[in-house]
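Colleague: please work out how this folds:
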Amino acid sequence: MRAGQRVGEDRAGRGLVQPVPGVRAQRLRPPGLGPNGPATNNTLDSVTAPGTGDVWAGGLGLDSGVFASTLTEHWNGTSWTVVASPNVAGAFGTEVLGISGRAGGPLFAVGDVHEQSGQYHTFGMRGQ
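Modeller: Residues are numbered from 1 along each chain as shown. Purely as a prediction, here's the structure:
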């Protein structure tokens, strides 16, 4: 991913990285997989590019249309891969809402956990 791109989802609910109008860039499609295989719906909510060919995006994947799991993807300058990320056992959903990092440093992600009781909690994680 380069300057002038954004993340989100297309009308069918698939994760999408696309150029910003007026900025010369190519459209890139992430793998379209949830953390446990093909998902019915993916959303990428945040992106960070610590370096050239080092882009991370985070969001959620709905694996059975019911439970949401964190979705973390990495662009290595050539292709996207889904990277394992933690979830809270027994929760209705866990979602990455923000991701940030810098070249040579760790990545940080924040998000929320939706408990089956209806309560929401925040979480944070650090990774390499």
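
Colleague: tell me how far the ends of stretch 98-117 are from each other?
Modeller: Taking C-alpha to C-alpha, to the nearest Å, stretch 98-117 runs 24 Å from one end to the other.

Colleague: poorly predicted segments of the chain, please.
Modeller: By pLDDT under 70, the low-scoring segments of the chain are 1-40, 63-66.

Colleague: tell me the secondary structure for T78?
Modeller: coil (DSSP: H, G, I helix; E, B strand; the rest coil).

Colleague: for N87, same thing?
Modeller: Assignment for N87 (three-state DSSP): coil.

Colleague: ok, it to D54 distance?
Modeller: Shown here: N87 relative to D54, a distance of 24 Å by C-beta to C-beta, to the nearest Å. Glycine gets a C-beta too; all of them are placed from N, C-alpha and C.

Colleague: what about the two, which has more around it?
Modeller: Comparing N87 with D54 by other C-beta atoms under 10 Å, the one with more neighbours is N87, at 19 against 16.

Colleague: identify the residue nearest the more buried one in space, chain neighbours excluded?
Modeller: Nearest non-adjacent residue to N87, counting by C-beta to C-beta, 6 or more residues apart in numbering: T94, 4.4 Å away.
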